[in-house]
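In: here are the coordinates; sequence isn't available:
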């Protein structure tokens, strides 16, 4: 059993999602958005840090995962996104929470099956996989997708490690 915090960082809206992963099963716990649109950048970064610390203290996740920076056309936006990621990662690390990073393409592939899926497809699949009937914000759905990607990756790594151990035992016998 692992409670996983997924983070979709943004300098104006940072999504978070909490799931419980038990073997192949995943369960929805919580999600939301940290909105900082009107404040100057340093204050926004402080809000992201404080709000994520509160989420971590409330849900006590054992693992966290965050989306990597996507380099678009605007370098200034990418720099601000990087700073938001830094604030989010620092919140996790200040609570001794390990952080894994995943590309947007890998997250989409893990949840939708296609690395070029759009936000609507991701949102739809997250709701289906976690059996969520209510509407959820795109940024929260993206954060849940990051958590699902992490859960799937960890499950696959465990299976692969078990297969290697099994193979060695069979060769010796």
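Out: Sure, I can see it. Being a predicted model, the structure only gives us computed values, none of them experimental.
In: residue boundaries of the helices in this protein?
Out: 41-59, 75-93, 104-111, 119-129, 138-172 (DSSP state H).
In: burial count for the closest residue to residue 110 other than its chain neighbours?
Out: Spatially, and ignoring its direct neighbours in sequence, residue 110 is nearest to residue 149 (3.8 Å; Cβ to Cβ, 6 or more residues apart in numbering). Using the backbone N, CA and C atoms, a C-beta is placed for each residue, glycine as well. Residues within reach of residue 149, counting by other Cβ atoms under 10 Å, total 24.
In: gap between residue 149 and residue 54?
Out: 24 Å (Cβ to Cβ, to the nearest Å).
In: ok, now residue 150?
Out: Counting by Cβ to Cβ, the gap from residue 150 to residue 54 is 21 Å.
In: do residue 26 as well
Out: The value you get for residue 26 to residue 54, if Cβ to Cβ is used, is 23 Å.
In: ok, those two, which is more surrounded?
Out: Per other Cβ under 10 Å, whichever of residue 26 and residue 54 has more neighbours is residue 26, with 21 against 12.
In: give the bridge partners for that one, please.
Out: With DSSP bridges as the criterion, residue 26 is bridged to residue 21.
In: now it: how far from residue 142?
Out: From residue 26 to residue 142 the distance is 16 Å (Cβ to Cβ).
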